[in-house]
Each structure stands twice: as structure tokens, then as C-alpha cells.
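**Student:** Starting from these lines, generate the structure:
(one chain, ligands or ions: 2)
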Amino acid sequence: MDLSHLFAYFRQGQLYVRKEIHNMLGGQEQGGISTPRSAPCVFLFRKERASGYVEDDGWQLDGFYHFTGEGQSFDMEMTRGNKAVRDHRRAGKVLMLFESVKNEAGVYRFQGFMNCVDYYHKDIDALGNVRRIYVFRLAPIETYSTSHLLSQSKIATHFLDLRSLALEANAPLAVSKFGHYLGPASDSLHLNYEENQRNEYHQRVLTLTKYVIQRANGFCECCGYPAPFYCENQNPYLEIHYLHGVGDYGIDKPSNLIALCPTCHRKAHAGKDKRNISAHLDAAAANVENALDKGILKLVTAAIIIDDTQRILAAQRKTGDLAGYWEFPGGQVKPGETLEQCLTREIYEELSLEITDVTPFMMVDYDYGTFFMRLYSFLCKARGTPVLREHAQIEWLEREDLRSLDWVPADVTIAEGLCNDFNL
Ligand SMILES: [Zn+2]
Ligand SMILES: [Zn+2]
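**Tutor:** Ligands and ions are numbered 1, 2, ... in the order given. Predicted structure coming up:
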């Protein structure tokens with residue numbers, strides 16, 4: 001059973017018989033943490049005794065579900081079940097949280113799919129014994145992305161302003177006040193502290209999500225095509241995917257997150273070639289982040305100008321390393337510009353043409369070695385007569401002739417994309 005089956009079968013709030021879960025998926029039938037060998041999950045069972053829950057686990061004011069590790073006497077150790085919980089993401093497993101139901105032996109209510117955010121220790125257990133206790137802080141996995149709800153800027157370089165904050169979001173969270181406490185949180189000071197900490201966590205998740213959504217500038221970072229639709233709030237709809245986790249919720253570094261169209265996102269989770277897709281996504285996110293680290297990322301726009309007879313404008317470069325090669329005209333985005341503003345400016349500067357009817361077509365990443373190009377191409381029409389200010393010559397191409405020219409490397413993918421669209 002893979003993750004998509006688990007997501008389909010287990011519904012939050014529904015009742016399950018523990019024995020049946022193990023019959024189906026394996027795992028130890030006793031204890032609070034059960035680690036089935038071949039299923040992509042770790043089970044957490046919180047069991048109520050006659051006298052109530054032994055440890056005061058559950059949802060706390062910091063916004064996390066607190067779950068006490070295993071080991072009922074002596075100091076707890078970070079082995080077996082405890083280790084499985086702490087390291088579940090690295091092992092590619094998801095946590096599945098169940099709570100026992102009063103007066104129904106062996107029946108549990110499924111609380112949801114969770115990620116372990118961090119853990120802390122206490123020096124005394126709920127029965128008053130002095131011993132080391134590990135407590136894990138869990139956050140629910142999002143089963144769908146809410147990233148489209150965030151306000152998005154159309155300024156193409158906006159993500160550069162967000163990046164340093166996004167990088168910081170990966171630092172360890174403030175040490176929990178829950179460690180070493182000797183009673184329930186009741187005083188208001190404590191409450192404020194925990195409120196702040198909850199905010200800190202959610203703020204960081206938001207910062208990171210916002211950054212990655214902005215980095216994509218409305219294009220899927222996997223297939224390169226634009227977001228399939230716009231939301232009510234005018235944002236292009238893209239989803240955030242976590243590359244090395246099993247869920248879409250948590251704090252990570254920017255190279256472990258990628259913005260995807262819903263089709264690519266589902267493919268990454270449930271497609272038959274999801275291994276290859278994962279490798280492709282890994283490289284895609286790492287390439288752009290590495291380029292940013294080195295300061296060699298160039299954001300560039302390109303216009304696919306189509307005339308009334310459906311011919312496409314190609315322009316031949318006059319100078320530079322790629323002189324003689326053909327390209328879709330355009331140029332580098334300046335700070336504070338939207339992609340469309342950049343395109344309008346560049347096409348006017350280079351060809352004296354005024355572009356209209358601009359529609360996003362495809363984003364292409366290309367590593368030129370000395371710099372890394374993220375190229376956003378747009379279909380458009382143009383008014384005016386072209387004047388060659390930078391190019392050697394231009395040509396109006398019939399669709400069938402798209403493959404006949406020597407394109408600059410980054411534009412080859414765009415030409416191929418056009419041929420695909422025209423069924424050529
Ligand atoms: Zn896609
Ligand atoms: Zn995902």
C-alpha cells in the first residue's frame with residue numbers, strides 16, 4: 001500500500017479497529033508507537049486508561065499536538081519507535097495519529113496524517129517519577145495546498161526580497177517552554193509565550209511558502225507551463241510540494257520546496273514514474289537556488305510574436321557568443337518590473353514594436369555555465385513595423401519552419417513547445 005492509498009483509505013475522524021489496521025498494514029499490535037516495516041507510515045496510538053491519559057498529550061497552546069515517546073519506566077532512549085517518529089521524514093514515512101475511544105476496547109479514532117516538527121524532553125513524568133521523557137511536537141499534513149490564498153506580487157523580482165527570510169525560516173525553532181515545566185500551562189505569561197511561538201512557527205511556514213510561490217512567478221517549476229487558472233483573488237493557482245518530506249507542511253530550506261501545477265503535483269505523489277519526477281524536481285529546485293547562492297541567476301523574458309497570418313517572429317543575434325543564432329526577442333528583467341512590463345520595454349527597445357494580447361506560454365531554465373537563465377516566454381501580437389536596433393535580421397516563420405533555424409539553447413525548448421502545441 002503506498003501513500004496515495006493511505007490517504008484514500010484513512011479519513012480523519014473515522015473509527016478503525018486497531019487489529020484490522022495491523023492485519024492490513026503490519027506493525028506491532030501493542031504500544032503507543034507501531035512501525036510497520038513495509039508500509040510508508042508510523043502509527044501513533046494515544047490510549048486512554050481508566051484514570052485518563054497518562055501523559056497530558058494532545059493539542060497544546062503552541063498549535064502542535066504533543067505526543068509522548070515510548071518507554072514506561074527508566075529514561076527514554078532515542079531508539080526504536082522514538083527514533084522512527086523523529087526520523088520519519090528522512091525514512092519517507094508519514095505519521096498516522098489515532099486516539100482510543102472511551103468504552104470501546106481496540107477501537108481508535110483517526111486524528112490525521114502528521115509530521116514531527118521537533119521534540120523536547122521533560123525530567124519528570126506525569127506520575128511524578130524523575131526520569132527522562134521525550135515529547136514530540138506534531139503538525140498536521142496539508143492534504144491540499146493553500147498557497148494560492150497568499151497575496152502574490154506581480155513584480156517578477158519580488159522573491160529576491162523574500163529570500164533571506166525564507167533561508168532563515170529553516171533555523172531551529174525557539175526551545176520549547178514545555179520542557180522542564182511541572183504543571184499545566186495556566187498563567188497568562190506562559191500563554192502569551194506559547195501564542196508567540198505558535199505564530200513563529202506558522203509565520204515561518206508562510207514566509208517559506210510565499211517565497212517559493214513568488215519564485216515561480218506564475219509558472220509550474222516542473223513542466224514550465226503557466227498556472228492552469230487564476231483564483232478569485234487574481235492569483236495564479238500553483239501548489240507547494242515538499243521534496244524530501246511526505247507532507248506539504250513544515251519548515252524546510254527553499255531548495256526542498258517547489259511550486260507546481262496541480263497535474264505535476266499529483267504526478268509527483270501518485271504517478272507511475274514518480275521516482276524520475278522526484279529526481280527532476282530535485283534538480284530543478286537545486287539549480288535555481290544554487291544560482292541564487294552564487295548570484296548568477298538571470299531572469300529573462302521572451303516574446304513569441306504572432307502576426308495575423310499565424311507566422312512567428314524569429315530574430316537573429318548580431319553580437320556576443322551566440323551571434324548568428326536565432327531567438328525569440330526579449331531581455332533581462334529589471335528590479336521592480338513585472339514580467340509583462342519587462343517584455344513590453346524590451347520589444348520596444350529592440351524592435352520598435354508595441355506588443356498586445358500577452359499570454360504566458362512557458363518557463364524554461366537553462367544553465368549557460370557562467371550564468372543560469374530562467375526564461376519566461378509569452379505569446380503576443382505586435383503593432384508597428386519592426387526596426388532592427390539590436391538584431392542582424394528578423395524572419396516571419398511559418399509554423400512548419402520552427403525547427404529549421406538554429407535557436408539559442410534556451411529557446412530550443414520553447415520552439416519544441418510550440419511545435420507540440422501545433423501538433424507538428
Ligand atoms: Zn506542471
Ligand atoms: Zn506534495
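
**Student:** to the chain's geometric centre, what's the distance from stretch 393-400?
**Tutor:** Its chain's C-alpha centre lies 39 Å from the corresponding centre of stretch 393-400 when counted by Cα atoms, centre = their mean, to the nearest Å.

**Student:** could I get it in CSV with only the CA atoms?
**Tutor:** Backbone C-alpha positions of stretch 393-400 (Å, rounded to 0.1, in the frame of the first residue of the first chain) are rendered in CSV as follows:
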residue,chain,number,x,y,z
GLN,A,393,17.8,40.2,-39.2
ILE,A,394,14.3,39.0,-38.5
GLU,A,395,12.2,36.4,-40.2
TRP,A,396,8.5,35.7,-40.1
LEU,A,397,8.4,31.9,-39.7
GLU,A,398,5.6,29.6,-40.8
ARG,A,399,4.8,27.1,-38.0
GLU,A,400,6.2,24.2,-40.0
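
**Student:** Quick check: buried residues in that stretch?
**Tutor:** For stretch 393-400, a neighbour-count test (16 or more other Cβ atoms under 10 Å) marks Ile394, Leu397 as buried. The C-beta positions use only the backbone N, C-alpha and C, and glycine is treated the same way.

**Student:** Repeat that for stretch 91-104.
**Tutor:** Buried residues in stretch 91-104, counting neighbours by 16+ other Cβ under 10 Å, are found at Lys93, Val94, Leu95, Met96, Leu97, Phe98, Glu99, Ser100.

**Student:** show me what contacts the second one?
**Tutor:** Read it as Val94. Contact analysis of Val94 by Cβ atoms under 8 Å, 6 or more residues apart in numbering lists Leu3, Leu6, Pro40, Cys41, Val42, His88, Phe113, Met114, Asn115, Ile141, Val246, Gly247.

**Student:** Of the residues you listed - the most surrounded one?
**Tutor:** Across those, neighbour numbers were computed from other Cβ atoms under 10 Å; Met114 holds the maximum, 25 neighbours.

**Student:** beta partners for that one?
**Tutor:** Leu95, Pro140 (DSSP bridges).

**Student:** can you pull the contacts of it?
**Tutor:** In this structure, Met114 makes contact with Leu44, Tyr65, Val94, Leu95, Met96, Leu97, Leu138, Ala139, Pro140, Ile141, Gly247, judged by Cβ under 8 Å, 6+ apart.

**Student:** By pLDDT, rank those residues and give me the bottom one.
**Tutor:** Lowest in pLDDT among those is Gly247, which has 44.

**Student:** Could you tell me how many residues sit around the residue of the stretch 201-350 of the chain found nearest ligand 2?
**Tutor:** Across the stretch 201-350 of the chain, no residue is closer to ligand 2 than His241, which sits at 3.6 Å (Cβ to the ion). Summarising burial for His241: neighbours were counted as other Cβ under 10 Å, giving 24.
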